[in-house]
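Participant: All I have is the shape, not the residue letters:
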């Protein structure tokens with residue numbers, strides 16, 4: 001059995017954690033074992049433990065320093081005897097790669113999940129981090145072409161798209177949908193618009209509030225569901241209050257019932273400035289929920305069933321408003337499922353491809 005140590009940012013709900021959890025559910029556990037190093041504990045902690053994984057929590061490198069972090073990773077590798085290291089933090093992986101190299105791990109996988117380093121203003125340091133991370137890795141993987149070009153420049157890399165596990169899709173019965181809506185204060189006739197994402201600049205929450213203001217001015221009955229948490233949540237709450245749309249906006253925080261909430265929505269909105277892949281868009285499509293997304297997002301996530309509409313953030317906001325108000329034809333779930341498999345985005349297939357890297 002091959003033992004793999006994955007480095008993930010958090011065990012909270014998020015694209016990377018959802019992706020690796022879906023893959024782990026579909027891995028042949030007689031051949032592979034996954035353990036995890038993470039920096040934040042969240043709801044996926046128990047799910048991963050139930051799959052038999054060990055989880056090691058570390059302080060951020062900026063808090064404990066690179067030498068301490070490298071020593072801790074080196075110690076974990078030596079104690080548990082890992083055959084491969086798979087780091088999902090992209091250009092931040094340099095210290096993991098160095099520790100694994102010093103520990104004698106011959107398979108060191110560097111995985112890029114983003115195409116922008118929003119928090120980095122120092123381009124020289126960013127370039128150095130990327131080059132050192134790549135130099136100490138033995139295999140390069142990206143979730144999309146944009147993510148690969150950003151982190152690896154002209155180096156060869158494999159694209160392994162973020163999958164979705166069809167086993168977790170439970171269709172809501174009409175009475176269940178009605179009950180869920182009532183619990184959130186949604187009334188009959190309300191247009192339900194939703195967003196899932198952390199309250200951070202890249203997710204562009206002010207744009208969502210601007211859409212809410214427009215809908216209110218047109219006297220359209222609606223509810224805007226904001227799912228997630230983050231450092232900018234209070235700022236967005238104040239923006240909602242300032243523009244008197246409190247009755248229309250629901251802050252739901254972190255939720256475990258994402259799939260149910262997506263089925264409650266008439267439209268899903270993702271106006272992000274960038275996304276490495278955007279696995280939530282796969283989830284929305286699988287639920288049959290039409291999504292309106294910014295044109296900067298990767299096209300690899302589109303199942304080509306007519307449920308995604310790409311719009312320019314710099315264009316007229318009225319085009320976003322019109323897209324929200326347009327009626328959409330309901331699709332047969334079987335058509336969506338077939339497209340997922342044809343696109344090679346099924347979790348079982350991606351799990352097989354990913355495990356092939358650990359040779």
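Facilitator: Sure, I can see it. Predicted model, so just to flag it, every value in this text is computed and none were measured.
Participant: any idea whether the closest residue in space to residue 331 that isn't next to it in sequence is helix, strand or coil?
Facilitator: With sequence-adjacent residues excluded and distances taken as Cβ to Cβ, 6 or more residues apart in numbering, residue 331 is closest to residue 288, at 5.5 Å. Just so you know, the C-beta spots here come from the backbone N, C-alpha and C atoms, and that holds for glycine as well. Secondary structure assignment for residue 288 (DSSP: H, G, I helix; E, B strand; the rest coil): coil.
Participant: Can you name the residues that contact residue 288?
Facilitator: 263, 307, 330, 331, 333, 336 (Cβ atoms under 8 Å, 6 or more residues apart in numbering).
Participant: Tell me the most packed of those, by neighbour count.
Facilitator: Within the contacts of residue 288, neighbour counts (other Cβ atoms under 10 Å) peak at residue 307, which reaches 22 neighbours.
Participant: Specify the local secondary structure of the nearest residue to that one once chain neighbours are set aside.
Facilitator: Distances taken as Cβ to Cβ, 6+ apart place residue 285 nearest to residue 307, at 4.7 Å, with adjacent residues excluded. Assigned with three-state DSSP, residue 285 falls in the helix class.
Participant: I figured residue 285 hits residue 303, correct?
Facilitator: Yes: Residue 285 lies in contact with residue 303 (Cβ atoms under 8 Å); the separation is 5.0 Å.
Participant: any common contacting residues for these two?
Facilitator: By Cβ under 8 Å, 6+ apart, the residues touching both residue 285 and residue 303 are residue 336.
Participant: Settle it for me: which of the two has more neighbours?
Facilitator: residue 285 (27 against 22).
Participant: Tell me if I'm right that residue 267 and residue 327 touch.
Facilitator: No: the pair residue 267 / residue 327 is not scored as a contact, 10.6 Å apart, by Cβ under 8 Å.
Participant: between these two, who's got more neighbours?
Facilitator: For the pair residue 267 and residue 327, the greater number of neighbours falls to residue 267 (22 against 6), based on other Cβ under 10 Å.
Participant: which residues sit in contact with that one?
Facilitator: Here residue 267 is in contact with 191, 192, 193, 194, 289, 290, 291, 292, 323, 324 (Cβ under 8 Å, 6+ apart).
Participant: can you check residue 10 too?
Facilitator: Neighbouring residues of residue 10 by Cβ under 8 Å, 6+ apart: 17, 38, 39, 40, 41, 42.
Participant: so which strand or helix has it?
Facilitator: Assigned by DSSP states H and E, residue 10 belongs to neither a helix nor a strand.
Participant: repeat for residue 323
Facilitator: For residue 323, the host element (DSSP H and E) is helix 317-325.
Participant: Check which residues of that helix are buried.
Facilitator: Neighbour-count burial for helix 317-325, counted by 16 or more other Cβ atoms under 10 Å, picks out 320, 321, 323, 324.
Participant: Same list (the contacts of residue 267) but as TSV, adding distance to residue 204 and pLDDT.
Facilitator: Shown next, in TSV, are the contacts of residue 267 (distance: Cβ to Cβ, whole Å; pLDDT from 0 to 100):
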residue	distance to residue 204	pLDDT
191	20	97
192	20	97
193	14	97
194	15	97
289	19	93
290	19	94
291	15	95
292	12	96
323	16	95
324	15	96
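Participant: Helices of the stretch 151-300 of the chain, start to end?
Facilitator: In the stretch 151-300 of the chain, the helices defined using DSSP state H, counting those that start in this stretch lie at 174-183, 205-217, 233-242, 258-264, 279-286.
Participant: Which of those helices has the highest mean neighbour count?
Facilitator: Of all the helices of the stretch 151-300 of the chain, helix 279-286 has the most neighbours on average by mean count of other Cβ atoms under 10 Å, namely a mean of 26.
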